[in-house]
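*Asks:* Predicted model and sequence follow; I will ask about them next.
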Amino acid sequence: MPTIRSQILEVIRGAYPETFEGLGSSKPLGESVFSGQTPHPNEVLNLFVQQRLTPALPMAYYMATRRGVNSLMDGHLPRNATLPPEVLQSAIRGLIALREAELNETHDLIFALKGSRPCPTPNCPSRTPTSPAALAAYHKVFDRIVGSSQLGGTKVLQVPEFYEDRDGELQCIGPGICSGCVERWESGHAELRKKTWAALTGVFGLKD
Ligand SMILES: [Zn+2]
């Protein structure tokens, strides 16, 4: 039944993209694409490993690891969602590497203002990046973007939300930060996502 097979592979290709561009599409990603009860991402990862769906593996690993170490190692999962030791090891190594890069690079992005002049916008705390107001705002943004727990998971491939609705007005989650600064962070984070994507196969030990 080559048609069914190619249809299934097409669905998988959409939900577990092989290219960075595939991430940006509006299609649903990951396990939500399967009909019926949504499978645990570990179960999908196990299946893809068994079926040698190599092109879909980086994304399947990412979907399982982004929920953190407790989800990867959950002892109450059914057998088909329990990761064999070598897969679990790759997943945890990958999670640690992704999390470290996410924390470091997001920190540099927000706190270090690499190569840029102080913000020219009047009243933006970034005009004096080491002032208490700027640091407090940066901390708020940093915590929101990376989440607080160390190995609770990773959001590194997700487009971060720098704005929130305050009384009907969209404002940066860091009080007073101007849109120019947010734009710099957005494009810096877009670079981080691209770089992370390119590193996924290496991070999960999938390079031959
Ligand atoms: Zn600014």
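*Replies:* Everything's here; your move. Since we're looking at a predicted model, the values are computed, not measured. Numbering: from 1, shown residues only.
*Asks:* which parts of the top helix by length along the chain are buried?
*Replies:* Ranked by residue count and defined by DSSP state H, the top helix of the chain is helix 179-203. Using 16 or more other CB atoms under 10 Å as the burial criterion, the residues of helix 179-203 that qualify are 181-182, 184-185, 189, 192-193, 196-197, 200-201, 203. All C-beta spots, glycine's among them, are computed from the backbone N, C-alpha and C.
*Asks:* Helices along the chain, start to end?
*Replies:* 2-15, 20-23, 41-50, 57-65, 69-73, 85-107, 132-146, 179-203.
*Asks:* Can you say which of those helices is packed in most?
*Replies:* Neighbour counts (mean count of other CB atoms under 10 Å) averaged over each of the helices of the chain peak at helix 57-65, with a mean of 25.
*Asks:* Just the mean pLDDT for it, thanks.
*Replies:* Here helix 57-65 scores 97 as its mean pLDDT.
*Asks:* where does this structure dip in pLDDT?
*Replies:* Applying pLDDT under 70 to the chain flags residues 1, 113-116, 148-151, 208.
*Asks:* how about the residues of it near the ion?
*Replies:* 119, 121, 124, 126, 178, 181 (CB under 5 Å from the ion).
*Asks:* ok, now with 8 Å
*Replies:* 119-121, 124-127, 177-182 (CB under 8 Å from the ion).
*Asks:* contacting residues around Arg127?
*Replies:* 118-121 (CB atoms under 8 Å, 6 or more residues apart in numbering).
*Asks:* Top of those by number of neighbours, please.
*Replies:* Within those, most neighbours by other CB atoms under 10 Å means Cys119, with 20 neighbours.
*Asks:* any idea how far the residue nearest to that one when sequence neighbours are not counted is from Met73?
*Replies:* Leaving out its chain neighbours, the residue that sits closest to Cys119 by CB to CB, 6 or more residues apart in numbering is Ser126, at 3.7 Å. Distance of Ser126 to Met73, given as CB to CB, to the nearest Å: 41 Å.
*Asks:* Sounds good, over and out.
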